[in-house]
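S.K.: Dropping the sequence and predicted coords here.
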Amino acid sequence: MSRSVHVFRTPDRFVVGTVGQPGDRAFYLQAVHDSRIVSVLLEKQQVEVLAERISALLDEVSRRFGMEMPPAGTPVTDLQPLVMPVDAEFRVGTMGLGWDSEERAVVIELLAITEQELDESVVLADDAEEGPDAVRVFLTPKAAREFANRSEKVLGAGRPSCPLCGEPLDADGHMCVRLNGYRRGAAFGSEGEYVDLTVDLETADLTILGRITSASNATLLCELGETGERAVYKPVRGEVPLWDFPDGTLAGREVASYRVSEALGWGLIPETVLRDGPLGAGMVQRWVDEPDSDADDAPDLVDLFPIGAVPEGYLKVLTAYVEDDDAPDGISEVALAHADDPRLRRLAVLDVLINNADRKGGHVLTGPDGRVLGVDHGICLHSAPKLRTVLWGWAGRPVGDDLLADVDAFRTSPPDLAGLITDEEHDALVARAATLVELGAMPLPTPDRPIPWPPF
C-alpha cells in the first residue's frame, strides 16, 4: 500500500505527553516544527522501551566512536504540555531506532499499526514506497537525551491530588467542582488571615503546572511568577470548535462576562483578563480554593437528591433516572435541586443577562468569605437566545427590586466590550437587561434544551 512518511529534521520540539488521568492515560508522541504539528498514539510500554533504547544508543555511540554525549542527568528544559488539541495521525505499531553518522543524529521512526505482517525492510528505509504510514524524526544527541529524560518523568508521574479540590485524580475519572475560583485584590490565606495580593494578572509570568483534563477546552493550571499564586489559563488555540459560536471567541466572552459582573457591582466572577501566554493569547483567571465544609455530608448549592429527600430550602429543577447498583432494578429516580439562596439567585440573574449557555452545577463555587461565584463563561453573550442553566428554581418569580435597580443602571450605562464580543451581541445584552427590568420576573425555560447535560 502507498504510504505517507512525515519527516522532521531537528524539529523545534519532539516530546511525549499524555491526555487523561493517571492510570487511564493515553500516551502521545508529538513533533513540532514551525506551524507543522504531527502527533501519534502509542502504548505506555512503547514509550518506556523507546526511552531506554535511546539512552542505550547514545551510550553505545559514545563508546564506539568516542563522541562526547550529553550525560544521563541532563536537565529537561521543555516541561510544557502537548500542543492542544491532539489529533493523532495513527496508532504506533512498530518503532525503529538508529544512528545517522553523517547527520550525527538519532533517527526515530514510528510506523502505523497494520493488520498485515510488516516487511521489516521498510523500517528506516528512504526508498520504500509501500508500507504503513510513518513519522521519522532526526534528533541531535542533546535533544534525544532530553526526550528520554522527559519520557522518564512522564512515565514516573504518580496519581497526584487534584490541586483544586484535594481529591485524588482517579483513573476512572474525576469531576472537580473547583475548576476555578477567585481572588479579587485581596483574599484569605491558608490560615484564614486576610492578605493582600499584589501580583498583576495581566503582566505576571505564567508557568504551566499541568492541564485540568475534566474541562472540554484546553484548561491549564498556572503559577503567577514566583509568588505561589495560581491562575487558570485557557489559550485560544485550545478552544474546541462549536457550531453556534464563532471559532476563537470563547476567551473574549469569558472576559466580557467578568466585565458585566463588575459593571453591575456584583463581583460574581473571578478577575479575568485577555493576555498573551506560553501557548499564545488566551483567557487568564484567578482562583482560590473553596473552604472545607463544616459538615462532610452537607449538600452543595446545586446537587442531586433521592426523589423524596430534597432538603428544606432547596428548589427542585427536574427529576431524572440514574443508574444505581443498589436499587432493585438498577435504576433510581433523583431530583436536581438548588438552594433557595439569595447569593445564588443573583448569579441566576447574571446568567439571564449574559445569556449563559452552560451554567452547570460544577461552575458554582463558594469563596472563603461566603460569596457565591460563577466560572466557565466561554459560551455566553450570544445574540440569539441560548440560556441553559441548572438554576431554574426561580423561573417566573419576581427578580427583586434591589437586583432590578442594578440591572436598570447597567442598562443605561453598559460597559465597553469592544473587541470581546460583536456590536450585535452587545446590543442584545442591553436588550436583555431592558426586558428583565420591564418584566420584573425571571424567564421561563424554553422547550429547546433549557438545562445543560450533564448538569455537573
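M.R.: Thanks, I have it.
S.K.: Pull the number of nearby residues for residue 435.
M.R.: Residue 435 is flanked by 14 other residues according to other CB atoms under 10 Å. C-betas here are computed from N, CA, C, even on glycine.
S.K.: Can you name the residues that contact residue 40?
M.R.: For residue 40, the residues meeting the contact criterion (CB atoms under 8 Å, 6 or more residues apart in numbering) are 28, 29, 30, 88, 89, 90, 91, 92, 110, 112, 135.
S.K.: That one belongs to a helix, doesn't it?
M.R.: No: inclusion of residue 40 in a helix is not indicated when DSSP: H, G, I helix; E, B strand; the rest coil is applied; the result is strand.
S.K.: And it, how close does it get to residue 404?
M.R.: 57 Å (CB to CB, to the nearest Å).
S.K.: Kindly supply the PyMOL command isolating those of the contacts of residue 40 that are buried.
M.R.: A single PyMOL command is used to select the members of the contacts of residue 40 judged buried by 16 or more other CB atoms under 10 Å:
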select buried, resi 28+29+30+88+89+90+92+110+112+135
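S.K.: Restricted to strands, list the contacts of residue 40.
M.R.: Restricting these to those inside strands, with DSSP state E as the criterion, leaves 28, 29, 30, 88, 89, 90, 91, 92, 110, 112, 135.
S.K.: check contacts around the second one.
M.R.: With contacts defined as CB under 8 Å, 6+ apart, the neighbours of residue 29 are 14, 15, 16, 39, 40, 42, 47, 92, 110, 135.
S.K.: of those residues, closest to residue 371?
M.R.: For residue 371, the closest of the contacts of residue 29 turns out to be residue 15, at 40.6 Å, with distances computed as CB to CB.
S.K.: mind checking pLDDT for residue 134?
M.R.: Reading off the per-residue confidence, residue 134 sits at a pLDDT of 89.
S.K.: contacting residues for it?
M.R.: Each residue near residue 134 by CB under 8 Å, 6+ apart is listed here: 3, 4, 5, 6, 109, 110, 111, 112.
S.K.: follow-up on the earlier one: identify, from the contacts of residue 29, the entry nearest to residue 378.
M.R.: Looking at those and their distance to residue 378, the nearest is residue 39, at 24.1 Å (CB to CB).
S.K.: Contact partners for the closest one?
M.R.: With CB under 8 Å, 6+ apart as the criterion, the residues that contact residue 39 are 28, 29, 30, 31, 82, 86, 87, 88, 89.
S.K.: Please apply the same query to residue 385.
M.R.: Applying CB under 8 Å, 6+ apart, one finds that residue 385 lies in contact with 355, 446.
S.K.: next one: phi and psi at it?
M.R.: The phi and psi torsions at residue 385 (degrees, to the nearest 10) take the values phi -60, psi 120.
S.K.: and if you look at residue 328?
M.R.: Note on residue 328: backbone dihedrals following degrees, to the nearest 10 are phi -60, psi -40.
S.K.: Could you give the number of residues near it?
M.R.: Counted with other CB under 10 Å, the burial measure for residue 328 works out to 7 neighbours.
S.K.: Number the residues from 56 up from this point.
M.R.: Sure thing, new numbering starts at 56, so read that last one as residue 383.
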